[in-house]
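> what's the 3D shape of this:
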Amino acid sequence: MMADTDKTNLTKIFDTIEYPEAYRLTFLANAIVFPAYSDIKKDFGLVRAEYILLACLSHFDRLTAQDVARISRRPRNTISRAVHRMLDEGYLDRAPDPDDARQARLRITASGRNLHMKISGYLSRRQDEVLGALSAQERQTLSSLLKKAALHTASLDD
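Sure thing, here's the model as predicted:
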């Protein structure tokens with residue numbers, strides 16, 4: 001449990017920092033992903049980029065590593081390392097990209113999809129814990145606002 005002085009300190013920084021939304025989003029994201037990915041690493045031996053690769057490919061038929069980096073906002077080199085390991089483990093397969101011979105198109109295998117389903121529960125449960133103070137309506141509003149901001153962000157140049 002957090003002491004009252006700790007709550008006050010958080011309120012102070014949440015209310016006075018020059019970039020309040022970015023700070024709050026980062027705080028919440030860290031509160032969700034760090035504990036969940038720690039458990040995922042311990043229980044399944046996967047690092048964050050490897051699971052992100054499975055998550056992305058579980059929602060698309062085929063993607064290139066560059067596609068995964070773009071839709072996850074993760075560095076290409078970390079996704080590339082993850083691709084090699086996940087191919088070796090049999091969680092992915094690849095085929096040449098007919099549009100670009102330099103690229104390979106990736107697809108999640110049945111074992112990769114099964115692993116994704118097990119792991120997604122870790123993140124879902126932690127997300128529910130972190131957002132537990134919100135009503136169903138507040139959660140829906142937050143979800144809609146985050147989606148709107150994320151879609152806008154996807155159109156911005158890096």
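> roughly how far apart are residue 58 and residue 52?
Shown here: residue 58 relative to residue 52, a distance of 11 Å by Cβ to Cβ, to the nearest Å. Where C-beta positions appear, they are placed from N, C-alpha and C, glycine not excepted.
> ok, these two, which is more surrounded?
The residue with the greater number of neighbours, taking residue 58 and residue 52 and applying other Cβ atoms under 10 Å, is residue 52; the counts read 21 against 14.
> now the helix or strand hosting that one, how far from the centre of its chain.
Secondary structure assignment for residue 52, by DSSP states H and E: helix 48-57. Put simply, helix 48-57 sits 8 Å off its chain's centre (Cα atoms, centre = their mean, to the nearest Å).
> elements contacting that helix?
Where contact means 3 or more Cβ pairs under 8 Å, 6 or more residues apart in numbering; DSSP states H and E, helix 48-57 is packed against helix 20-44, helix 65-72, helix 76-89, strand 92-97, strand 100-108, helix 110-130.
> hmm, try it at 6 Å
Of the remaining helices and strands, those touching helix 48-57 by 3 or more Cβ pairs under 6 Å, 6 or more residues apart in numbering; DSSP states H and E are helix 65-72, helix 76-89, helix 110-130.
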